[in-house]
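In: below is the structure, and that's it, no one-letter string:
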């Protein structure tokens, strides 16, 4: 297997396959920053992977009215999460020459890093673009660290912007 440097990738005749993973922990203003980062490739083929993370807490009531309210609350939570992710998608896609393909992937309690790494492998991404995220817990570590360990393509992690809220 040979190593290909970034300048050689820019000169390659085929389009670079850029997978942009949106996991929900992106800082404010990350969309335009990601769009600016993608201008380094001449003709990127862009796919946006939107991780729809809506937890599914256990439901134990036997009352039909409670079940309806539970389903309604989960649907509202999913709609709010979709709207929030859609704003980031619109910021990224606003200035691209070709409309990117958007893939929605729901995850509940699973590790979103596994879903992102699996999708990057299945799509044969040349590069994965993701924002830095805070650690999910003491044992899990940061999402971007877990993805870097699992994925088999270069990962471009953009740091949190200086204007965004700190951790």
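Out: Cool, got the structure. Only a predicted model underlies this, so the values are computations on that prediction, with no experimental measurement involved. Numbering: from 1, shown residues only.
In: who's sitting farthest from the centroid in the protein?
Out: Distance from the C-alpha centroid of the chain, by Cα atoms, centre = their mean, peaks at residue 63 (37.3 Å).
In: all strands for this protein, in order.
Out: 17-22, 45-53, 101-107, 127-131, 155-158 (DSSP state E).
In: in the sheet, who's paired with the residue lying closest to residue 148 once chain neighbours are set aside?
Out: Spatial nearest neighbour of residue 148, chain neighbours left out: residue 155 (5.1 Å); criterion: Cβ to Cβ, 6 or more residues apart in numbering. From N, CA and C alone the C-beta is placed, and that goes for glycine too. Judged by DSSP bridges, the bridge partners of residue 155 are residue 128.
In: who touches residue 155 in this structure?
Out: 127, 128, 130, 144, 147, 148 (Cβ atoms under 8 Å, 6 or more residues apart in numbering).
In: identify the farthest-apart pair in the residues you listed.
Out: 127 and 144 (13.7 Å; Cβ to Cβ).
In: show the pLDDT at residue 142.
Out: Looking at residue 142, its pLDDT is 75.
In: can you report how many residues lie near residue 53?
Out: 19 (other Cβ atoms under 10 Å).
In: where does the residue farthest from the centre of the chain land on pLDDT?
Out: For residue 63, the predicted pLDDT is 91.
In: which residue is the nearest non-sequential neighbour of residue 106?
Out: With Cβ to Cβ, 6+ apart, the residue lying closest to residue 106 is residue 52, at 4.5 Å.
In: for residue 30, grab the count of nearby residues.
Out: 23.
In: surely it meets residue 129?
Out: No. Using Cβ atoms under 8 Å, residue 30 is not in contact with residue 129, being 10.3 Å away.
In: name the residues contacting each of the two.
Out: With Cβ under 8 Å, 6+ apart as the test, residue 30 and residue 129 both reach residue 158.
In: what about the chain, any weak spots by pLDDT?
Out: Scanning the chain for pLDDT under 70 picks out the ranges 1-15, 108-110, 134-141, 160-167.
In: tell me where the longest helix sits in it.
Out: helix 64-93 (DSSP state H).
In: residue contacts, the closest residue to residue 131 other than its chain neighbours?
Out: In this structure, residue 131 finds its nearest non-sequential neighbour in residue 26, 4.5 Å apart by Cβ to Cβ, 6+ apart. Contact analysis of residue 26 by Cβ under 8 Å, 6+ apart lists 88, 131, 133.
In: tell me how far residue 26 lies from residue 64.
Out: 39 Å (Cβ to Cβ, to the nearest Å).
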